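any chance you can model this:
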Amino acid sequence: VQLQASGGGLVQAGGSLRLSCAASGFTFDDYIIGWFRQAPGKGREGVSCIRSSDGSTFTQYSLADRFTISRDNAKNTVYLQMNSLRPEDTAVYYCSASSGGPTATVRLYNYWGQGTLVTVSS
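Numbering: from 1, shown residues only. Predicted coordinates for the structure are as follows:
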């Protein structure tokens, strides 16, 4: 099982980035794919998740007006479009897979990617 996150980088406040999570080694449609982030000195928090089978999405309420999750089942890839980025969005962003239902609970995710760093400068 492999989850490969990419697309992070340095961006100015107000800018946009699109993160990608390429999944392999498991049946994509059977899993919830989630994005989490961890800022320096803080715990890991749920950002958004998507049910691969039907595209249902769930996004942290405070981020829903700026972040959008989507998927391309043909490519086994999930995306996180992040707009109007703020310095407080600076974090390592991880993608993950859960065989359970939609959730922001870290321990319920079975598989994790290596993370991609997003840095937003003011």
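
where along this protein do the strands fall?
Secondary structure of the chain by DSSP state E: the strands cover 2-6, 9-12, 17-24, 32-38, 44-51, 57-59, 67-72, 77-82, 91-98, 111-112, 116-121.

out of these, nearest to T105?
strand 44-51 (7.5 Å; C-beta to C-beta). Bear in mind the C-beta positions are built from the backbone N, C-alpha and C, glycine included.

now what about the closest one, what contacts it?
Under the contact criterion C-beta atoms under 8 Å, 6 or more residues apart in numbering, strand 44-51 has outside partners 32-38, 56-60, 63, 67-71, 78, 80, 93-94, 98, 102-106.

output that strand as PDB, nothing but the C-alphas.
In PDB, the C-alpha atoms belonging to strand 44-51 read as follows (Å, rounded to 0.1, in the frame of the first residue of the first chain):
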ATOM      1  CA  ARG A  44      -2.400  16.500  13.400                       C
ATOM      2  CA  GLU A  45      -5.800  17.800  12.400                       C
ATOM      3  CA  GLY A  46      -8.300  16.600   9.800                       C
ATOM      4  CA  VAL A  47      -8.700  18.900   6.800                       C
ATOM      5  CA  SER A  48     -11.000  17.000   4.400                       C
ATOM      6  CA  CYS A  49     -11.900  13.600   3.300                       C
ATOM      7  CA  ILE A  50     -13.700  12.000   0.300                       C
ATOM      8  CA  ARG A  51     -15.500   8.700  -0.100                       C
END
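
tell me the strands beside it, with direction?
strand 32-38 (antiparallel), strand 57-59 (antiparallel) (DSSP bridges).

quick one, what contacts the most centrally placed residue in the chain?
For the chain, W35 is the residue whose C-alpha lies nearest the centre (C-alpha atoms, centre = their mean; 2.3 Å). W35 makes contact with 19, 21, 46-49, 69, 78, 80, 93-96, according to C-beta under 8 Å, 6+ apart.

which one of those residues is nearest to F28?
Distance to F28 across these (C-beta to C-beta) is lowest for V78, with 9.0 Å.

list the contacts of that closest one.
V78 neighbours (C-beta under 8 Å, 6+ apart): 20-21, 23, 33, 35, 50, 52, 69-72, 95.
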